[in-house]
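Q: Fold the following for me, if possible:
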Amino acid sequence: MSDKNGIEIQHLGPMNTPFFVKKATGEILSDDEFMTRKRFLRVDEVGSILRVSTRMVYKLVEQGKLSGLRVGEALRIRTQSLYDYLKDTSNEIYEAIQ
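A: Just a heads-up that it's a prediction; the model follows:
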């Protein structure tokens, strides 16, 4: 899946970790570079990153776990919100297994 900036999501490595790749060069973007270039994500992009359905993404927004912005009828998810959610979820999992 690629956007108008030529950035696509690829799942790489043994854990199928999502990375953001410049389509033209194949260069992997750092998290900071990606967040600078793309402040909002489409619902389907967030679903692809989390490997969940778009319905689940909408549910996470309704629950306040992700913050979004309505643009007409479309919903855009703040990139920083996604990173915060992933960090918080990772911390919860780590604490649960300790």
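
Q: Could you grab the helix/strand/coil label for Asp44?
A: Local secondary structure at Asp44 is given as helix here, using DSSP: H, G, I helix; E, B strand; the rest coil.

Q: Return the per-residue confidence for it.
A: Residue-level confidence at Asp44 comes out at 90, pLDDT.

Q: so Asn19 sits right up against Ile28, yeah?
A: Check again: residue 19 is Phe, not Asn. Yes. Under the criterion of C-beta atoms under 8 Å, Phe19 lies in contact with Ile28, with a separation of 5.1 Å. Any C-beta I mention is one placed from the backbone N, CA and C, and that applies to glycine too.

Q: and the two? which has more neighbours close in?
A: Phe19 (16 against 13; other C-beta atoms under 10 Å).

Q: how much space is there between that one and Leu69?
A: 25 Å (C-beta to C-beta, to the nearest Å).

Q: Export the strand or helix carrying Met35 to PDB, keeping only CA atoms.
A: When elements are defined using DSSP states H and E, Met35 is found to belong to helix 31-37. Included here for helix 31-37 are C-alpha records, laid out as PDB according to Å, rounded to 0.1, in the frame of the first residue of the first chain:
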ATOM      1  CA  ASP A  31      10.000   6.600  13.100                       C
ATOM      2  CA  ASP A  32      10.900  10.200  13.500                       C
ATOM      3  CA  GLU A  33      11.300  10.800   9.800                       C
ATOM      4  CA  PHE A  34       8.000   9.000   9.100                       C
ATOM      5  CA  MET A  35       6.100  11.100  11.600                       C
ATOM      6  CA  THR A  36       7.600  14.300  10.200                       C
ATOM      7  CA  ARG A  37       6.500  13.400   6.700                       C
END
